[in-house]
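Trainee: Predicted structure and sequence below. I'll ask about it afterward.
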Amino acid sequence: MDTITSTSASLTLSLPAVPLRTLSSSISVSSSLLFPPSHLSSTLRLYSEKTRFSNSPYAVPKFTVTSGITEINQTQFKETVLESERPVLVEFVATWCGPCRLITPAMEALAKEYEDRLTVVKIDHDANPQLIKEYKVYGLPSLILFKNGQEVPGSRKEGAITKAKLKDHVDVLLESISVT
């Protein structure tokens, strides 16, 4: 048996040589991993576009205007939401909020489907502390429907929601304020 010997000024050490074994394995990749389901595509696309240009491996996507959803700030809130002739669905979000990113595809689909009856806007939680305080937004994402400059009673919804439940919620609200 071979040995490995190490000598220093005060210590001599002899160890048996350990035989090395090479392992091989094969990995199979499912096509579903290569092509994510359509409901995840836009979220993944949004994330990859941001991280591709960032130096940080933990970069979080920035929200932008997408499919009829406009990001506004507190200086635009009065004109865009409170003075609007149409009902306005306001989505309070944050770039670091996972559930906010999860409902992005549903919100985009809703904005496109209801564009003739409803305006959908997005407000960044961190950049607009006055609005967060004024409307007591405690959970993210938060949805609030406004009509004639007022919050529609019962319209507030917090947390992630599926597209079907979101449509049901909005349909009930639009029916309650007589918008068809």
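Mentor: Looks like it arrived, so ask away.
Trainee: Only C-alpha atoms from now on, for both contacts and neighbour counts.
Mentor: Fine.
Trainee: Flag the shaky bits of this structure, pLDDT-wise.
Mentor: 1-68, 179-180 (pLDDT under 70).
Trainee: what ranges do the helices span in it?
Mentor: For the chain, the helices defined by DSSP state H cover 31-34, 38-52, 74-77, 98-102, 104-113, 129-134, 163-176.
Trainee: Enumerate the positions of the third one that are buried.
Mentor: Going back to what we said before, that points to helix 74-77. By neighbour count on 16 or more other C-alpha atoms under 10 Å, the buried set for helix 74-77 is 74, 77.
Trainee: does residue 84 really touch residue 149, like I thought?
Mentor: Yes. Counting by C-alpha atoms under 8 Å, residue 84 does reach residue 149; the two are 7.2 Å apart.
Trainee: Setting the sequence-adjacent residues aside, check what's closest to residue 74.
Mentor: residue 128 (5.9 Å; C-alpha to C-alpha, 6 or more residues apart in numbering).
Trainee: and the gap between that neighbour and residue 85?
Mentor: 23 Å (C-alpha to C-alpha, to the nearest Å).
Trainee: hmm, back to that, the residue nearest to residue 74 touches residue 73, doesn't it?
Mentor: Yes. Between residue 128 and residue 73 there is a contact at 6.3 Å, judged by C-alpha under 8 Å.
Trainee: Counting neighbours, go ahead and name the busier of the two.
Mentor: Taking other C-alpha atoms under 10 Å, residue 128 and residue 73 do not tie; residue 73 has more neighbours (18 against 15).
Trainee: give me every residue that touches the nearest residue to residue 72 once chain neighbours are set aside.
Mentor: When the adjacent residues along the chain are set aside, residue 72 lies closest to residue 123, with 5.6 Å between them (C-alpha to C-alpha, 6+ apart). By C-alpha atoms under 8 Å, 6 or more residues apart in numbering, the contact set of residue 123 is 71, 72, 73, 90, 91, 92, 93.
Trainee: Out of those residues, which is nearest to residue 116?
Mentor: Closest approach between those and residue 116, by C-alpha to C-alpha: residue 90, at 16.2 Å.
Trainee: Nice, that's everything, thank you.
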